[in-house]
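K.L.:
no sequence for this one, just the structure:
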């Protein structure tokens, strides 16, 4: 069972979890109406749940790996901390317990939902495109569907992929064409298409994958 913390500490922990970055006391006050100071801060620091620094006049706080673990364990408790008299807090823990049940059924961790992802660089995206193309293409310069390629590009956003494909197309490094048989196109094909010159393109070929 997780160490039970006070209400303010618990609120601070969950706030830092959702934001998943360093947060200053003034920002905490703006977001949740309080700051993390005094014994409440030092206790979280001593427990190893939060790292606090003071680069200027105000403390800044960030959740540690142990802090993430505490948050996961606290979700599973499903009952509010002792001496809680607030109906709102009781209801919140019912909600958090249901959230915990869902994560377990889906085999997910809190970090899967709240941890920030870093957008890959153009070089990373191009490498992923070429790797995915090699896996899908049956022969050099074969045509592959964007609907099949996009799911293999990891965390790259659709906008970033589209921008790079257009750039590579202009440079002659890739070729994009529409599917000639429009009747075979599915809703997924239309969604995966990239629009160039007023026309949707569904197929990709690479000169030197």
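P.N.:
Cool, the structure landed. No experiment lies behind these values; they were computed from the predicted model shown.
K.L.:
where does this structure have low pLDDT?
P.N.:
Within the chain, the stretches with pLDDT under 70 are 1-2, 78, 80-90, 115-118, 154-155, 209.
K.L.:
all strands for the protein, in order.
P.N.:
If DSSP state E is used as the criterion, the strands of the chain fall at 23-24, 50-53, 60-63, 144-145, 174-177, 194-196, 199-201, 203-206.
K.L.:
just name the most buried of these.
P.N.:
When these are scored by mean count of other Cβ atoms under 10 Å, the highest mean neighbour count falls to strand 60-63 (a mean of 22). Glycine gets a C-beta too; all of them are placed from N, C-alpha and C.
K.L.:
export the strands of the chain as JSON lines, with columns for distance to residue 7.
P.N.:
Converted to JSON lines, the strands of the chain look like this (distance: least, Cβ to Cβ, whole Å):
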{"stretch": "strand 23-24", "distance to residue 7": "18"}
{"stretch": "strand 50-53", "distance to residue 7": "16"}
{"stretch": "strand 60-63", "distance to residue 7": "17"}
{"stretch": "strand 144-145", "distance to residue 7": "53"}
{"stretch": "strand 174-177", "distance to residue 7": "56"}
{"stretch": "strand 194-196", "distance to residue 7": "50"}
{"stretch": "strand 199-201", "distance to residue 7": "54"}
{"stretch": "strand 203-206", "distance to residue 7": "54"}
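K.L.:
closest to residue 184 out of those?
P.N.:
When the strands of the chain are compared for distance to residue 184 using Cβ to Cβ, the nearest one is strand 144-145, at 10.1 Å.
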